[in-house]
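[1] Pasting a predicted model and its sequence here:
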Amino acid sequence: MEILNQTSGSGFILLGLSDIPHLQIIFFVLFLIMYLIMLSGNVLLIIVVRINRKLQTPMYFFLSNLSMIDIGFSSTIVPKILINTLSKDKSISLVGCALQMYLHMALGAAECIILAVMAYDRFAAICRPLHYQTIINKKMCICLASVAWGMGFGAASIHTPLTFQLPFCKSHHVNHFFCEMPPFFKLSCKDTRLNEIFMYVAAQIIILFAFFLTLISYIRIISTILKTISSQGRDKAFSTCASHLTVVSIYYGAIIFIYLKPPTAQSPEIDKVISIIYTAVTPMLNPIIYSMRNKDVKDTIIFKLCRRPLK
């Protein structure tokens, strides 16, 4: 810890996305728009679920959890990106960086698991409709959501201290726009192989398990749809499943690319682009893809905004 205090006590410099002035303005506007859409969409979904009793179901309970995770996930990173994009001072304190890494890791892992839980919920509803109320009851909902949050914060509680025990002797300049584990390993003058092994093992346990559970659930859902639903209902169900699968595949794909590729394959510029996808893009898309096309959600929004009675 003495080495840590000497080498990184003053904090770090986040190099950000670009040093070209007109590109900085473009990036600022893009991130601001994505953040405002994400914030308004997820807050609106949480409010709609709270005020419409029709939506107080397991599916929307998990969606509300996803919205809370997305709000925290993006808010941990994007406001700092917005400040650093236009500011000459791109520094972040040691404590601020550690807190950002901890929350980013915790909420990112929790999102992986909650997406898998949501896929399992849809599997139970479509493939086991007669037993759905027994399988996904209130107690099970709370238990599954608690597992998602608990595993996320548990993993972050291990990896963040391990990362910040490293002596960062090479540089204080982080070639990234937020504090994430892989770029920090390059700053250490100590052998980081043990940290990298721990990171890969945790990523495989959480990310790959969640991804395969999600994939298997949707395969079973599609198989059931093909067997039991009419052609008209089949098209609608396929459209819904395809949109869900697209968003989760983008999210899981980006996370897997960052945390499961070999160190020799790392490219800072590509990594920064991929990181944007799961820190800003998918949290913005989630409420739109998962809920805004639902009639009950749209009717509730219209009722609140226009004071029209619900049909």
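    Perfect, I can see it now.

[2] Any regions of this structure where pLDDT drops low?
    Along the chain, the parts satisfying pLDDT under 70 run over 1-10, 18-21, 229-233, 236, 263-266, 292-293, 304-311.

[3] If you count contacts, what does the lengthiest helix in the chain end up packed against?
    Once the chain is assigned using DSSP state H, the helix that runs over the most residues is helix 94-127. Here helix 94-127 touches helix 58-86, helix 132-135, helix 138-164, helix 181-185, helix 209-228, helix 231-259, going by 3 or more CB pairs under 8 Å, 6 or more residues apart in numbering; DSSP states H and E. In this view, the C-beta of every residue, glycine as well, is placed from N, C-alpha and C.

[4] which helices and strands does the second one pack with?
    Just to be clear, that refers to helix 132-135. Helix 132-135 packs on helix 94-127, going by 3+ CB pairs under 8 Å, 6+ apart.

[5] Then the first one?
    For helix 58-86, the helices and strands in contact under the criterion 3+ CB pairs under 8 Å, 6+ apart are helix 21-51, helix 94-127, helix 138-164, helix 282-290.

[6] which parts of the longest one are buried?
    Okay, so that is helix 94-127. By neighbour count on 16 or more other CB atoms under 10 Å, the buried set for helix 94-127 is 94, 97-98, 100-127.

[7] With distance to K261 as extra columns, can I get the helices and strands packed on helix 58-86 in CSV?
    Listed next are the helices and strands packed on helix 58-86 as CSV, based on distance: least, CB to CB, whole Å:
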stretch, distance to K261
helix 21-51, 25
helix 94-127, 16
helix 138-164, 17
helix 282-290, 19
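
[8] Indicate which one of the ones you listed is closest to V273.
    Among those, the nearest to V273 by CB to CB is helix 21-51 (11.5 Å).

[9] Now do the closest one against helix 282-290, angle only.
    40 degrees (axes from the mean of the first three to the mean of the last three CA atoms, to 10 degrees).

[10] Helix 21-51 versus helix 58-86: what angle between them?
    On the basis of the same axes, to 10 degrees, helix 21-51 is oriented at 160 degrees to helix 58-86.

[11] Report the buried residues of helix 21-51.
    Quick answer for helix 21-51 (16+ other CB under 10 Å): 24, 27-28, 31, 34-35, 37-39, 41-42, 44-46, 48-49.

[12] Out of these, which comes closest to L55?
    Comparing the buried residues of helix 21-51 against L55 with CB to CB places V49 closest, at 4.7 Å.

[13] Contacts made by stretch 77-97 with the rest, please.
    Contacts to stretch 77-97, defined as CB atoms under 8 Å, 6 or more residues apart in numbering, come from residues 8-17, 24-25, 27-28, 31-32, 34-35, 100, 104, 164, 177-179, 279-280.

[14] quick one on the thing from earlier: a markdown table please, covering the helices and strands packed on helix 94-127 and showing distance to K272 and mean neighbour count.
    As requested, these are exported to a markdown table (distance: least, CB to CB, whole Å; neighbours: other CB atoms under 10 Å):
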| stretch | distance to K272 | mean neighbour count |
| --- | --- | --- |
| helix 58-86 | 11 | 21 |
| helix 132-135 | 42 | 13 |
| helix 138-164 | 19 | 17 |
| helix 181-185 | 9 | 21 |
| helix 209-228 | 23 | 17 |
| helix 231-259 | 10 | 16 |
